[in-house]
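J.: Quick one: sequence plus predicted model below, questions after.
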Amino acid sequence: MVEASKEVYSSLRGRFKGDLVRPGDSGYEDARAIWNGMVARTPGLIVRCTDLSDVQSAVRSASETGILTAIRCGGHSLAGFSTCEGGLVIDLSRMRQVTVDPEARRAKIAGGCLLGSIDTATQKAGLVFPSGVVSHTGASGLILGGGTGWLTRRFGLSCDNVEGFNLVTADSSVVRATSKENQDLFWALRGGGGNFGVVTEFEVKLHPLTSLVLAEGLTPEPGIRGLLECWRDFMAEAPIDLKWNIDLRLAPHIRKTPVELRGRPVAGSSLIWTGEAEAGRPYLQRALSLCSPDSMSSRIVPFLTLQTMADSDFPHGRRYYTKSGYFNYLDDSSIDRLLEAVATIPSSETQIELAYLGGAAAQIGADETAFGDRRDPFILNLLANWSEPSADAGNIAWIRGLFNKLRPAMKPGVYINFMSGDEQDRVPEAYHERWDRIVAVKSHYDPNNFFRLNQNVRPRHSRTN
Ligand SMILES: Cc1cc2nc3c(=O)[nH]c(=O)nc-3n(C[C@H](O)[C@H](O)[C@H](O)COP(=O)(O)OP(=O)(O)OC[C@H]3O[C@@H](n4cnc5c(N)ncnc54)[C@H](O)[C@@H]3O)c2cc1C
């Protein structure tokens, strides 16, 4: 692998416009770090591309040498796929241009953008692109896997709002995928992750929105069961302007948390209403009536405030482990398991995240995109978050134990962006009835599985692991 990275370095030196960073170079330590501190690897070479031709050069050299290659946008892969040991990292962080066309309500987003760069640019025109909830997340990984966030019910998944992809495939060709060109690839890129090539540009639809109502509150025991039952039934009938997320966790020791709740198991409710404020009031009041009165708040916030308010809850470099799945219905015994679990959470930052999809995301047919599971609206994400390596085993065991207890009530399926690096056996489950189709697209565009550091769809006849 060391030889291969030297070969790639030699072939790129002189003609590559971006940075070539090797172990020992100044800046290498920063360049190799990714968001999940559990995944500390030492690539043999990191190439920071500046444009499409840099990406083509990097892919061509890497394909020729056969070096193990990771693609990185924001470096937020929970599984740690955007780095590798001894291999090559194609880093897109110098490609963060966003071009907004306010009249057409469209934008072109470069392949290295973070969500925050998109939000800042689109809000200047009073427009939004529906994406995720933490602004330092990379847009490419998020969109290619699907992309859920505050606006999913109102405007659909991120991938539902993409009209065109430009990408560099494994043979270093530039390929365009839209509803008219390379339609199978266009289908696969909306939910199929990084399996097909390096996306250098997304063309996306935007929607008008600059502010919304945000309501928050905490429900301690013994009220959590009642809250979950209410949420489960209420969301099935809720208007698409309402998004209500629940986090089960230990209440944080911060000024905002009432003193008597700090450190206690709570359900944190965060709701947004994107419609006319008065029309949302009864819905928000219903939800807040189940929260502790001194923990409640409701206010109109700018969209950019919403998009950055969780940034500091998920800092770079901490240790994270996740497992996820869908429910068609959150039954009483699953609620029992959740209540038992929240009483034994091993880390004060760990969360059980519950969201309800539905709305615009559910309007897209199951076979329209590679992303699946739109019929099972309850999405659960178990996210352990801790700092000390000595606590790895306890945190991972807690997540696995809870997941195994909940699994029998879940529907088959998983959102690939909420999977860990040890779940390769669940990838076919993520695509279930779409599996043969996605394998066919992969086999056509990447027959040698060059793009394999991802939730991998292996091509037919591939010899790689
Ligand atoms: C703090 C945090 C918050 C999150 N919040 C949300 C959320 O609200 N909603 C949600 O849906 N998900 C969320 N996620 C999950 C997120 O969608 C994934 O972690 C996603 O992979 C992050 O994208 P990235 O570009 O930062 O990933 P990276 O680690 O840079 O890349 C991950 C993988 O994506 C592929 N990839 C990246 N860039 C490209 C490209 N240009 N072309 C082709 N393939 C590429 C590669 O396979 C790569 O291995 C969150 C994750 C974190 C860590």
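T.: Perfect, thanks for sending it. Numbering: from 1, shown residues only.

J.: The residue lying closest to residue 324 once chain neighbours are set aside and residue 360, how far apart?
T.: Spatial nearest neighbour of residue 324, chain neighbours left out: residue 418 (3.6 Å); criterion: C-beta to C-beta, 6 or more residues apart in numbering. In this view, the C-beta of every residue, glycine as well, is placed from N, C-alpha and C. Residue 418 sits 20 Å away from residue 360, going by C-beta to C-beta, to the nearest Å.

J.: For the residue nearest to residue 324, grab the count of nearby residues.
T.: Close neighbours of residue 418, defined as other C-beta atoms under 10 Å, add up to 22.

J.: With residue 179 instead?
T.: Count around residue 179 with other C-beta under 10 Å applied: 10.

J.: ok, now which ones touch it?
T.: Residue 179 sits next to 163, 186 when contact means C-beta atoms under 8 Å, 6 or more residues apart in numbering.

J.: Over to residue 295?
T.: Counting by C-beta under 8 Å, 6+ apart, residue 295 touches 216, 217, 218, 257, 258, 261.

J.: Spatially nearest residue to it, not counting backbone neighbours?
T.: residue 218 (4.0 Å).

J.: I figured that neighbour hits residue 261, correct?
T.: Yes - if you go by C-beta atoms under 8 Å, residue 218 and residue 261 touch, sitting 5.8 Å apart.

J.: any shared contact partners between the two?
T.: Counting by C-beta under 8 Å, 6+ apart, the residues touching both residue 218 and residue 261 are 251, 292, 295.

J.: which one among those gets closest to the ligand?
T.: Nearest to the ligand, judged by C-beta to the nearest ligand atom, of the shared contacts of residue 218 and residue 261 is residue 251 at 20.3 Å.

J.: Mind listing the residues bridging to the residue nearest to residue 295?
T.: residue 268 (DSSP bridges).

J.: what's near enough to touch it?
T.: For residue 218, the contact set (C-beta under 8 Å, 6+ apart) comprises 251, 257, 258, 261, 266, 267, 268, 269, 291, 292, 295.

J.: Relative to residue 352, how far out is it?
T.: 14 Å.

J.: With residue 23 instead?
T.: Taken as C-beta to C-beta, the span from residue 23 to residue 352 is 39 Å.

J.: who's more crowded, these two?
T.: Neighbour tally, residue 23 and residue 352, criterion other C-beta under 10 Å: the higher count belongs to residue 352, 21 against 15.

J.: tell me how far the helix or strand containing residue 399 is from the chain's mean position?
T.: Per DSSP states H and E, residue 399 falls inside helix 392-406. Put simply, helix 392-406 sits 21 Å off its chain's centre (C-alpha atoms, centre = their mean, to the nearest Å).

J.: what's the helix or strand following that helix in contact with?
T.: Using DSSP H and E, the helix or strand that follows helix 392-406 in sequence is helix 427-431. Applying C-beta under 8 Å, 6+ apart, the contact partners of helix 427-431 are 191-192, 370, 372, 412-416, 419, 435, 438, 455-457.

J.: what's the farthest-apart pair in these?
T.: Pairwise distances across these (C-beta to C-beta) peak at 18.6 Å, for the pair 412 and 456.

J.: the more surrounded of those two?
T.: Higher neighbour count among residue 412 and residue 456: residue 456, with 20 against 14, using other C-beta under 10 Å.

J.: Please spell out the segments of the stretch 351-465 of the chain that come in under the pLDDT threshold.
T.: 373, 463-465 (pLDDT under 70).

J.: if you set the cut-off to 80 instead, what comes out?
T.: For the stretch 351-465 of the chain, the stretches with pLDDT under 80 are 372-373, 462-465.

J.: ok, now the stretch 1-150 of the chain?
T.: Those would be 1-2, if you go by pLDDT under 80 across the stretch 1-150 of the chain.

J.: Around the ligand, pick out the residues from it.
T.: With C-beta under 6 Å from any ligand atom as the criterion, the stretch 1-150 of the chain meets the ligand at residues 35, 70-78, 81-82, 92, 111, 132-134, 137-138, 140-142, 144-149.

J.: now residue 312, what's its secondary structure?
T.: helix (DSSP: H, G, I helix; E, B strand; the rest coil).

J.: Show the contacting residues for it.
T.: By C-beta under 8 Å, 6+ apart, no residues touch residue 312.

J.: From the ligand, how far off is it?
T.: With the distance defined as C-beta to the nearest ligand atom, to the nearest Å, residue 312 ends up 11 Å from the ligand.

J.: now swap in residue 88 and tell me
T.: Computed as C-beta to the nearest ligand atom, the residue 88 to the ligand distance reads 13 Å.

J.: ok, now residue 315?
T.: 9 Å.

J.: would you say that residue is within a strand?
T.: No - Residue 315: not assigned to a strand; according to three-state DSSP it is coil.

J.: Identify the bridge partners of the nearest residue to residue 28 once chain neighbours are set aside.
T.: Nearest-residue entry for residue 28: residue 21, 5.3 Å, with adjacent residues in sequence omitted and distances by C-beta to C-beta, 6+ apart. Following DSSP bridges, residue 21 is listed with bridge partners residue 46.

J.: Tell me which residue in the stretch 151-300 of the chain sits closest to the ligand.
T.: Taking C-beta to the nearest ligand atom, the stretch 151-300 of the chain has residue 194 as its residue nearest the ligand, at 2.2 Å.

J.: list the contacts for that residue?
T.: Contacts of residue 194 (C-beta under 8 Å, 6+ apart): 71, 81, 140, 141, 144, 451, 453, 454.

J.: Among those, which one lies nearest to the ligand?
T.: residue 141 (2.3 Å).

J.: which secondary structure element contains the residue of the stretch 151-300 of the chain closest to the ligand?
T.: For residue 194, there is no enclosing helix or strand under DSSP H and E.

J.: Show me where the stretch 251-400 of the chain has its strands.
T.: With strands called from DSSP state E, counting those that start in this stretch, the stretch 251-400 of the chain shows them at 265-273, 297-302, 319-327, 351-356, 378-386.

J.: and the second one, what other elements does it pack with?
T.: It refers to strand 297-302. If you count contacts as 3 or more C-beta pairs under 8 Å, 6 or more residues apart in numbering; DSSP states H and E, strand 297-302 packs onto strand 211-220, helix 277-288.

J.: Flag every buried residue along the helix or strand just after the shortest one.
T.: Scanning forward in sequence from strand 211-220, with DSSP H and E defining helices and strands, the next element found is helix 224-235. Taking 16 or more other C-beta atoms under 10 Å as the basis for neighbour counts, the residues of helix 224-235 that come out buried are 224, 225, 227, 228, 230, 231, 232, 234, 235.
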